[in-house]
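*Asks:* I'll drop the sequence and a predicted model, then ask my questions.
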2 protein chains.
Amino acid sequence: MCAELRKDIISGGWIITNTKGKEEFFKSLEPGVRVKEKPCPFCSGNEKETPKEIYALRKPGTLPDQPGWSVRVFPSKEKALEIEKELERRGVGIYDVMNNVGAHELIIESPEHIKNLSDLPEEQIKKALLVYQKRIIDLKKDKRFRYAIVFKNQRPSSPFRLGHTHSQLVALPLTPESVKGELENAKSYYGEKERCVFCDVVREELEAGLRIVKENKSFLSYVPFAPRLPFETWILPKRHNADFTQEDDSTLFDFAAIMKVTLSKICKLLEDPPLNYMIHSIPYMRPKVGYWKTIHKDYHWHLEILPHIVKVEGFSWSSGFYIEPLSSEIMAELLRETKL
Amino acid sequence: MCAELRKDIISGGWIITNTKGKEEFFKSLEPGVRVKEKPCPFCSGNEKETPKEIYALRKPGTLPDQPGWSVRVFPSKEKALEIEKELERRGVGIYDVMNNVGAHELIIESPEHIKNLSDLPEEQIKKALLVYQKRIIDLKKDKRFRYAIVFKNQRPSSPFRLGHTHSQLVALPLTPESVKGELENAKSYYGEKERCVFCDVVREELEAGLRIVKENKSFLSYVPFAPRLPFETWILPKRHNADFTQEDDSTLFDFAAIMKVTLSKICKLLEDPPLNYMIHSIPYMRPKVGYWKTIHKDYHWHLEILPHIVKVEGFSWSSGFYIEPLSSEIMAELLRETKL
């Protein structure tokens, strides 16, 4: 029996199941093993230690899987998703199942051994963002995929793991629940008001000023009015655009600049916490929406940054009801006042 | 400024915000303090150490806040929710806010110092369940409340916390997101098929037999087809009933019996993991549903048990897309084979 995608009949959410054997799983629960003192496979010069590259931004004249790159992409060694499979939808009793078709890629954001994205120069962050775009666009050609998620898991320094800045891209034959929920709510807001809810949030936050962390020509970074986690921070483009891959070079530079400042402030104030971020953008395929016909007027791409400084209680986890110790206004103020 | 309930305009979910001061919050991030060698306030004989009791099952002739009880309820000392407040709904810019009105009660499930519910006799567990019912019914009289959640956070033994079995009840002026999602999906399933989706799950699971952990006359405990967490286990009544508080004495005894076995198996197999459970039942007030008019034919109360043996990755957390190392069938088999 091998891994597969399964849909929960009650919530409608999909999961990947059965990615590990029993022994492997119980072994993974044991305490971490110290990383051996061997060269980091993500560093320039050690390209042979990784799978073959899929894409890289490189100096003219340099060869694949050789030094000379500034951002490099290769497939993950994890085998939870497999690209070489038919998308086979089928029923098991009353339930829905699909093969575990998907792409899982690692995007190495610097040839040097630097841990946090925010320690890179803006120009280098912009290059990484450009590569996010290129990979999302490239995977769109594969008609089995509905969505490509770019996300980062950034961890504190530890002898148990490599610390070399990278993000991950996962392309799936479905749209993740959290994005689906946003799309549905945004659609019904638009249906009622003929306005994009995210555009309304941008206007409200700029006017109120209380929850802003940072602002530049094209972007706003702010603590949401009702965040799930302490110091959760979102970055929204000020101009309406549903599709991250459509942003041009100069807008990407502004995005890189606001990401650098926002992430640096979070890292400084909270002492390099574990955090993750995820780009929410329009799915590859979206059913035509509502009576106004123009697609995507209701949705707005954005970045969600989630620091993990508190353990989420089982209660919040299973109820979807969160308890925030501090108000958004206080958290935003603390971040604004953090000097870099 | 004091705590308040805030609605997220994008997801529609509510949170409680601003429950702590800045210093108190940052202090709470520091490592735990060893519990002092003082008597456990939840034990019989130490009633003076807790707030005054709201309700108790007691021997005839014994007085409140004195020994003689078998299950005892008193308000939590946490002040995130306050019962003595007007429910004031208001707008702040484009956002929705309410006062932090709510009840938060602790239900002590044994007069003796026993850590896990599953170590109590079935008869005693049944008494605790009866008290869950009584408190949910009593709080229904308060017209400000929409929902009462009963949940448990059970932690492994530790010198940092009291280990005396108890659950918590939270009554809120809103229905939590997770239950709302279930209600909506169950309603649309019923709208399409005129069958309760949970009843369909009971039939499917009994027929397939692959994911059953335990079964008795009135209940089924099983690992869902697409769980979010490893060894997530649900307990469903076999007979359709949307409302937990309507179950009679003998059914409650069957529920106690299957809870005891299921929780014991999870604790034994996973070596006393942190876990939580939550009862999902019908809200106090539910808008009339669909064309078939009969209320609650579509929903089915149940218990969700979530062991926390792996760290949920930020990716799953922010996408709603979970990666399960083992299949439900393997997890159910491991639990079935766990000898008590």
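*Replies:* Arrived safely, thanks for sending. Residues are numbered from 1 along each chain as shown, chains lettered A, B, ... in the order given.

*Asks:* give me the distance from the helix or strand of chain A with the lowest mean pLDDT to the chain's centre.
*Replies:* When the helices and strands of chain A are scored by mean pLDDT, DSSP states H and E, helix A:314-319 comes last with a mean of 78. Offset of helix A:314-319 from its chain centre (CA atoms, centre = their mean, to the nearest Å): 23 Å.

*Asks:* likewise stretch A:38-46?
*Replies:* That offset, for stretch A:38-46, works out to 24 Å (CA atoms, centre = their mean).

*Asks:* buried residues, the longest helix belonging to chain A. List them.
*Replies:* In chain A, taking DSSP state H as the definition, the longest helix is helix A:249-269. Going by neighbour count (16 or more other CB atoms under 10 Å in any protein chain shown), the buried part of helix A:249-269 is A:251-267, A:269. (C-beta placed from N, C-alpha, C; glycine too.)

*Asks:* swap in stretch A:131-151?
*Replies:* A:131-136, A:138-139, A:142, A:144-145, A:147-151.

*Asks:* for the longest helix of chain A, name the packing helices and strands.
*Replies:* Here helix A:249-269 touches helix A:122-140, strand A:212-215, strand A:219-222, strand A:233-237, strand A:275-280, strand A:302-307, helix A:328-337, going by 3 or more CB pairs under 8 Å, 6 or more residues apart in numbering or on different chains; DSSP states H and E.

*Asks:* contacting residues around A:Pro237?
*Replies:* A:Ser218, A:Phe219, A:Glu247, A:Thr251, A:Phe255, A:His300, A:Trp301, A:His302 (CB atoms under 8 Å, 6 or more residues apart in numbering or on different chains).

*Asks:* pLDDT value on it, please?
*Replies:* Predicted confidence (pLDDT) for A:Pro237: 98.

*Asks:* one more: A:Val33?
*Replies:* 65.

*Asks:* which one is the spatially most distant residue from the centre of chain A nearest to, not counting chain neighbours?
*Replies:* Relative to the C-alpha centroid of chain A, counting by CA atoms, centre = their mean, A:Gly93 is the outermost residue, at 34.0 Å. Once flanking residues are discounted, A:Gly93 sits nearest to B:Glu204: 4.7 Å by CB to CB, 6 or more residues apart in numbering or on different chains.

*Asks:* my read: that neighbour touches B:Arg195, true?
*Replies:* No: counting by CB atoms under 8 Å, B:Glu204 does not reach B:Arg195; the two are 11.5 Å apart.

*Asks:* mind checking pLDDT for the residue farthest from the centre of chain A?
*Replies:* pLDDT at A:Gly93 comes out at 95.

*Asks:* mean confidence for stretch A:11-26?
*Replies:* 86.

*Asks:* okay, how far is it across that stretch, tip to tip?
*Replies:* Taking CA to CA, to the nearest Å as the measure, stretch A:11-26 stretches 28 Å from start to finish.

*Asks:* any regions of chain A where pLDDT drops low?
*Replies:* In the predicted model of chain A, residues A:1, A:32-37, A:158-162, A:287-294 satisfy pLDDT under 70.

*Asks:* at 80 what do you get?
*Replies:* Filtered on pLDDT under 80, chain A yields the residue ranges A:1, A:30-38, A:79, A:157-162, A:286-295, A:313-315, A:317-318.

*Asks:* residues contacting the spatially closest residue to A:Arg144 that is not a sequence neighbour?
*Replies:* Spatial nearest neighbour of A:Arg144, chain neighbours left out: A:Leu87 (4.4 Å); criterion: CB to CB, 6+ apart. The neighbours of A:Leu87, taking CB under 8 Å, 6+ apart as the test, are A:Met98, A:Asn99, A:Val101, A:Arg144, A:Pro173.

*Asks:* my read: the last one touches A:Ala148, true?
*Replies:* No: distance between A:Pro173 and A:Ala148: 11.2 Å, which falls outside the contact criterion (CB under 8 Å).

*Asks:* who are the packing partners of the helix or strand where A:Leu206 lies?
*Replies:* Assessed by DSSP states H and E, A:Leu206 sits inside helix A:197-208. With contacts taken as 3+ CB pairs under 8 Å, 6+ apart, helix A:197-208 sits against helix A:177-193, strand A:212-215, strand A:219-222, strand A:233-237.

*Asks:* what pairs with the second one, and is each one parallel or antiparallel?
*Replies:* Pointing back at strand A:212-215 there. strand A:219-222 (antiparallel) (DSSP bridges).

*Asks:* distance of A:Ala128 from chain B?
*Replies:* 18 Å (CB to the nearest CB, to the nearest Å).

*Asks:* got it, and A:Lys48?
*Replies:* 28 Å.

*Asks:* what residues are up against that residue?
*Replies:* With CB under 8 Å, 6+ apart, A:Lys48 has these contacts: A:Asp65.

*Asks:* let's go with 10 Å and repeat that
*Replies:* A:Pro41, A:Asp65, A:Gln66 (CB atoms under 10 Å, 6 or more residues apart in numbering or on different chains).

*Asks:* doesn't it lie inside a helix?
*Replies:* Yes: checked against DSSP: H, G, I helix; E, B strand; the rest coil, A:Lys48 lies within a helix.

*Asks:* assign A:Met98 to helix, strand or coil.
*Replies:* Secondary structure state of A:Met98, per three-state DSSP, is strand.

*Asks:* let's have the helices and strands packed on helix A:197-208 in TSV, adding distance to B:Phe74.
*Replies:* As requested, the helices and strands packed on helix A:197-208 are exported to TSV (distance: least, CB to CB, whole Å):
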stretch	distance to B:Phe74
helix A:177-193	37
strand A:212-215	41
strand A:219-222	40
strand A:233-237	38
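
*Asks:* number of nearby residues for whichever residue of the stretch 51-200 of chain A sits closest to chain B?
*Replies:* Residue nearest to chain B within the stretch 51-200 of chain A (CB to the nearest CB): A:Glu177, separated by 3.0 Å. For A:Glu177, the neighbour count with other CB atoms under 10 Å in any protein chain shown is 19.

*Asks:* follow-up on the earlier one: so what's the residue nearest to A:Gly93 up against?
*Replies:* Applying CB under 10 Å, 6+ apart to B:Glu204 gives the contacts A:Ile9, A:Val92, A:Gly93, A:Ile94, A:Tyr95, B:Arg211, B:Tyr222, B:Phe225.

*Asks:* looking at the contacts of A:Lys48, which has the most residues close by?
*Replies:* For the contacts of A:Lys48, neighbours were counted using other CB under 10 Å, and A:Pro41 has the most, 17 neighbours in all.

*Asks:* what does that one show for phi and psi?
*Replies:* Per-residue torsions, A:Pro41: phi -70, psi -10 (degrees, to the nearest 10).

*Asks:* A:Asp65 is in contact with that one, correct?
*Replies:* No: counting by CB atoms under 10 Å, A:Asp65 is not a contact partner of A:Pro41; they are 11.9 Å apart.
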